[in-house]
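In: Sequence and predicted structure below; questions after.
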There are 2 protein chains.
Amino acid sequence: MRNLKMSIEYDGTRYKGWQKQKGDIPTIQAKIENVLSKMTGEDIQVVGCGRTDSGVHAENYIANFHTNCTLTVDDMLNYLYEFLPEDIVVKSMKDTTERFHARYNVKSKTYVYRINNNRFRNVFSRKYAYHTEDELNLNEMRNAAEVLIGTHDFKSFTSLKSSTKSTVRTINYIHITEDNGMIEIEVNGNSFLLNMVRIITGTLLEVGKGNLKRSDMEKILKEMKRSEAGPIAQAKGLCLKSIQY
Amino acid sequence: MRNLKMSIEYDGTRYKGWQKQKGDIPTIQAKIENVLSKMTGEDIQVVGCGRTDSGVHAENYIANFHTNCTLTVDDMLNYLYEFLPEDIVVKSMKDTTERFHARYNVKSKTYVYRINNNRFRNVFSRKYAYHTEDELNLNEMRNAAEVLIGTHDFKSFTSLKSSTKSTVRTINYIHITEDNGMIEIEVNGNSFLLNMVRIITGTLLEVGKGNLKRSDMEKILKEMKRSEAGPIAQAKGLCLKSIQY
């Protein structure tokens, strides 16, 4: 049986996230499984590298699926390109080892949160960046972000309700850059809790606006209560940039 | 009476071009005049720097209007930002001389035509770039584009039917650049005929694909017949970049 690994780009605006759900809910996984099942005549199950929230985008989402289909990778790519909606593109595909698992084998993930900090929204990136006119102190944000680097219990930074599962995660870096008023917060970590990048971003935005300080970030992390952190940042600013295996 | 000059950014996807039309046709001019008229209580007529085709975008469309309204420029900008649809943004505005006329005073215009020449469309720029997988020889395109530089009768490069008006225009430059498979054709000229940039682009694409040569471009220009030139390129790839006064 073949095991195919693919890289997917999607505009998440119209979708209720990656993961398929019961009923006629539009999700990226459901769209792709549907086309792959038609293509192969099999009931294809796609394994994704993780969930993305409703409205979140991806530049390189990684997934794999097993099939007995004998089509070439090129033919499969062309078929997917023809039958997937215009906001989902499978950019590349290759045969991989039987053992490869898109979720279990993840070493780290890189997300980018985009903020347009100019006076007005940009019409061309309006669906892919959060817009705020508020003046943001990027150095204060970078300073407070340092607190989160390393292995910590990120319970304060998730929408997950009480769970017996560990909320300890490792963040490898947070880079905050700016170009012509467009700010990017790039976060790399071994894995992320539900809404974690968006809540980190929402909290960093409060720091940028001067409502919170680095010492508050330390306190928020220690308290391990969602109510301590800042608000969740809008989904449309978030994009899964890459997965490291 | 005040004369206000403004710079407008718009995503033309949903509109039937800049210019207002009879009936309930969505155009950028109609949307802006509507909001300005409500704001001032006057019947505002906006003078644009020229027409843009249905589906064409603009990064810096320039327009002006006369009013007795005493609001500050900042208040006007905020009002427009609040009441215009999300795909039209008036980015800046200033009081200008009584004589300024956004169309008559144009010295030159700069358009950019964007082509995604990667294997697949990019979901994020899918509405702002024409996609073609065809291999394009950019040097042949640059070579053929040289033929068009200067003052010529561009009758072959317009959809205008027979007219008594002159079809002589001046193109100052055509720059063709490429970055990661995204090609930009930047055209600057004193003014443009109906569909001129799109027909030039469509003809250059034929050159890029090897269907036409520089010598064909010379012939097309001399023949002064629309049927000699290449097809019109899709509207969505075209963007009005800037206006020089």
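Out: Good, I have the coordinates. Residues are numbered from 1 along each chain as shown, chains lettered A, B, ... in the order given.

In: Just the buried positions in stretch A:221-240, please.
Out: The neighbour-count check on stretch A:221-240 (16 or more other Cβ atoms under 10 Å in any protein chain shown) flags A:221, A:226, A:228-230, A:232-240 as buried. Just so you know, the C-beta spots here come from the backbone N, C-alpha and C atoms, and that holds for glycine as well.

In: Report how far apart the opening and closing residues of it are.
Out: In stretch A:221-240, first residue to last residue: 24 Å (Cα to Cα, to the nearest Å).

In: and what of stretch A:62-77?
Out: With Cα to Cα, one end of stretch A:62-77 sits 15 Å from the other.

In: next one: stretch A:5-20
Out: Terminal residues of stretch A:5-20 lie 19 Å apart, using Cα to Cα.

In: and it with chain B, contact?
Out: Yes: using Cβ under 8 Å from any Cβ of the partner chain, stretch A:5-20 reaches chain B at A:E9, A:Y10, A:D11.

In: isn't the last one right up against B:F124?
Out: Okay, so that is A:D11. Yes: using Cβ atoms under 8 Å, A:D11 is in contact with B:F124, at 6.3 Å.

In: Please identify which of the buried residues of stretch A:221-240 is nearest to A:L84.
Out: Of all the buried residues of stretch A:221-240, A:L84 sits closest to A:L240, with 17.5 Å by Cβ to Cβ.

In: just to revisit the earlier point, including secondary structure, neighbour count and pLDDT, could the residues of stretch A:5-20 next to chain B go into a markdown table?
Out: Listed next are these as a markdown table, based on DSSP: H, G, I helix; E, B strand; the rest coil; neighbours: other Cβ atoms under 10 Å in any protein chain shown; pLDDT from 0 to 100:
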| residue | secondary structure | neighbour count | pLDDT |
| --- | --- | --- | --- |
| A:E9 | strand | 22 | 98 |
| A:Y10 | strand | 27 | 98 |
| A:D11 | coil | 24 | 98 |
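
In: one step back: any residues in contact with both of A:D11 and B:F124?
Out: Common contacts of A:D11 and B:F124 (Cβ atoms under 8 Å, 6 or more residues apart in numbering or on different chains): A:H57, A:Y128.

In: Is any residue of stretch A:133-153 near chain B?
Out: No: Stretch A:133-153 lies apart from chain B when judged by Cβ under 8 Å from any Cβ; the minimum separation is 9.8 Å.

In: need the buried residues of stretch A:221-240 in JSON lines with secondary structure and pLDDT, can you?
Out: JSON lines is the format used below for the buried residues of stretch A:221-240 (DSSP: H, G, I helix; E, B strand; the rest coil; pLDDT from 0 to 100):
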{"residue": "A:L221", "secondary structure": "helix", "pLDDT": "97"}
{"residue": "A:R226", "secondary structure": "helix", "pLDDT": "94"}
{"residue": "A:E228", "secondary structure": "helix", "pLDDT": "94"}
{"residue": "A:A229", "secondary structure": "coil", "pLDDT": "95"}
{"residue": "A:G230", "secondary structure": "coil", "pLDDT": "95"}
{"residue": "A:I232", "secondary structure": "coil", "pLDDT": "98"}
{"residue": "A:A233", "secondary structure": "coil", "pLDDT": "98"}
{"residue": "A:Q234", "secondary structure": "coil", "pLDDT": "98"}
{"residue": "A:A235", "secondary structure": "helix", "pLDDT": "98"}
{"residue": "A:K236", "secondary structure": "helix", "pLDDT": "98"}
{"residue": "A:G237", "secondary structure": "helix", "pLDDT": "98"}
{"residue": "A:L238", "secondary structure": "strand", "pLDDT": "98"}
{"residue": "A:C239", "secondary structure": "strand", "pLDDT": "98"}
{"residue": "A:L240", "secondary structure": "strand", "pLDDT": "98"}
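
In: which of the residues you listed come close to chain B?
Out: For chain B, no contacts are drawn from the buried residues of stretch A:221-240 by Cβ under 8 Å from any Cβ.

In: Pick the one among the residues you listed closest to B:E86.
Out: Closest to B:E86, out of all of the buried residues of stretch A:221-240 and judged by Cβ to Cβ, is A:K236, at 11.8 Å.

In: follow-up on the earlier one: reformat the buried residues of stretch A:221-240 as JSON lines; add distance to A:L205.
Out: Converted to JSON lines, the buried residues of stretch A:221-240 look like this (distance: Cβ to Cβ, whole Å):
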{"residue": "A:L221", "distance to A:L205": "17"}
{"residue": "A:R226", "distance to A:L205": "16"}
{"residue": "A:E228", "distance to A:L205": "15"}
{"residue": "A:A229", "distance to A:L205": "11"}
{"residue": "A:G230", "distance to A:L205": "7"}
{"residue": "A:I232", "distance to A:L205": "11"}
{"residue": "A:A233", "distance to A:L205": "7"}
{"residue": "A:Q234", "distance to A:L205": "10"}
{"residue": "A:A235", "distance to A:L205": "14"}
{"residue": "A:K236", "distance to A:L205": "14"}
{"residue": "A:G237", "distance to A:L205": "10"}
{"residue": "A:L238", "distance to A:L205": "13"}
{"residue": "A:C239", "distance to A:L205": "17"}
{"residue": "A:L240", "distance to A:L205": "20"}
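
In: isn't A:N68 right next to A:E42, touching?
Out: Yes: with contact taken as Cβ under 8 Å, A:N68 and A:E42 are classed as touching, separated by 6.8 Å.

In: neighbour-wise, which of the two wins?
Out: A:E42 (14 against 9; other Cβ atoms under 10 Å in any protein chain shown).

In: For the more buried one, grab phi and psi.
Out: Per-residue torsions, A:E42: phi -110, psi 170 (degrees, to the nearest 10).

In: can you pull the contacts of the nearest residue to it once chain neighbours are set aside?
Out: Distance criterion Cβ to Cβ, 6 or more residues apart in numbering or on different chains; nearest residue to A:E42, sequence neighbours excluded, is A:T67 at 5.9 Å. For A:T67, the contacting residues are A:M1, A:R2, A:L4, A:L36, A:T40, A:E42, A:I44, by Cβ under 8 Å, 6+ apart.

In: Which pLDDT value belongs to A:T67?
Out: Each residue has a pLDDT score; the one for A:T67 is 98.

In: ditto for A:K109
Out: Looking at A:K109, the pLDDT reads 98.

In: and it, what helix or strand is that in?
Out: If you go by DSSP states H and E, A:K109 is part of strand A:108-116.

In: Strand partners (parallel or antiparallel) of that strand?
Out: Strand A:108-116 has the following sheet partners, assigned by DSSP bridges: strand A:130-131 (parallel), strand A:182-189 (antiparallel), strand A:238-244 (antiparallel).
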